[in-house]
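Visitor: Sharing a model that was predicted from the sequence below.
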Amino acid sequence: TQSTRPQRLLGAVQKNATRGDPRSVVQAIDQFCRQKEWAMNVGDEKGCILDSVVSEVNPATVLELGTYCGYSTVRIASLLPPHAKLITLEFNPDFAAIARQVIAWAGLEDKVHLVEGASGDWIPKMTEQFGVKTFDLVFLDHWKDRYLPDTMLMEECGLLRKGSILLADNVICPGTPDYLEYVRSSPRYESQYFKSHLEYTKVEDGLEKSVFLG
Ligand SMILES: Cc1cc(-c2n[nH]c(CCNC(=O)c3cc(-c4ccc(F)cc4)cc(O)c3O)n2)ccn1
Ligand SMILES: [Mg+2]
């Protein structure tokens with residue numbers, strides 16, 4: 001039977017990356033996506049912006065919406081202080097199964113809690129299920145039409161505190177116009193756009209960083 005693209009991506013990691021070395025896992029995925037098959041990882045260019053924001057925030061609690069194959073999960077988790085917690089939500093069980101193996105290959109399974117399911121169902125359960133009061137950093141990289149409703153849901157559930165950082169991928173391509181309008185016009189957010197490109201292409205894309213002001 002035919003393998004899937006995520007299965008081939010995992011194969012490239014197991015072939016080319018060193019177990020327990022997150023940087024080599026990231027490099028193996030980027031090489032696979034540049035040389036073999038495009039895949040919707042945040043990629044190396046936007047990944048550097050992600051790394052700088054994670055390092056600046058130095059978060060104790062992180063929520064990632066949209067795991068896919070675990071590329072950005074590995075980038076984020078490799079930069080977290082000890083005892084920090086990264087919860088990542090993936091809707092597609094096949095993607096989740098691959099992501100678990102990619103995260104394990106990087107040796108980061110103890111820092112990551114991967115949950116299978118829809119953001120709208122899980123965001124209201126974060127506190128009771130995981131004992132998280134608020135998130136220091138949220139990386140939005142899931143269905144683009146869910147960025148705005150899920151941000152409002154996180155506000156309503158009290159998961160954001162004064163100074164919480166939202167970092168959103170794909171605000172230009174595929175685009176999240178309603179989310180951009182909201183965080184850029186709301187007095188409760190201070191937003192900044194980091195111009196970049198759609199992963200592994202020359203198409204414009206960017207990350208929007210928004211500070212929740214409480
Ligand atoms: C509802 C819910 C959903 C999830 C969830 N889990 N996994 C995802 C993945 C979502 N990501 C994307 O669709 C995405 C697409 C492109 C793209 C594609 C095709 C093009 F031509 C150009 C660009 C590029 C990207 O960078 C992306 O991130 N969502 C998890 C939980 N709850
Ligand atoms: Mg993305």
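Guide: Arrived safely, thanks for sending. Numbers count the residues shown, from 1 in each chain. Ligands and ions are numbered 1, 2, ... in the order given.
Visitor: Might you report the residue contacts of the closest residue to Val42 other than its chain neighbours?
Guide: Nearest non-adjacent residue to Val42, counting by Cβ to Cβ, 6 or more residues apart in numbering: Ser72, 4.6 Å away. For every residue, glycine as well, the C-beta is placed using N, CA and C. Ser72 is in contact with Asn41, Val42, Gly47, Leu50, Glu64, Phe139, Asp141, Asp169, counting by Cβ atoms under 8 Å, 6 or more residues apart in numbering.
Visitor: Can you confirm whether whichever strand or helix holds Val25 lies near ligand 2?
Guide: For Val25, the element it lies in under DSSP states H and E is helix 22-35. No - Helix 22-35 lies out of reach of ligand 2 by Cβ under 5 Å from the ion, never closer than 12.5 Å.
Visitor: Three-state assignment for Leu86, please.
Guide: With DSSP: H, G, I helix; E, B strand; the rest coil as the basis, Leu86 sits in strand.
Visitor: Run a quick neighbour tally on it.
Guide: The tally of other residues near Leu86 (other Cβ atoms under 10 Å) stands at 23.
Visitor: Show the pLDDT at it.
Guide: Leu86 carries a pLDDT score of 98 in this model.
Visitor: Might you name the residue of the chain sitting closest to ligand 2?
Guide: When scored by Cβ to the ion, the chain has Asp169 as its residue closest to ligand 2, at 3.7 Å.
Visitor: who touches the residue nearest to that residue when sequence neighbours are not counted in this structure?
Guide: Once flanking residues are discounted, Asp169 sits nearest to Asp141: 4.3 Å by Cβ to Cβ, 6+ apart. Asp141 makes contacts with Val42, Glu64, Leu65, Gly66, Tyr68, Ser72, Ala168, Asp169, Asn170, as judged by Cβ under 8 Å, 6+ apart.
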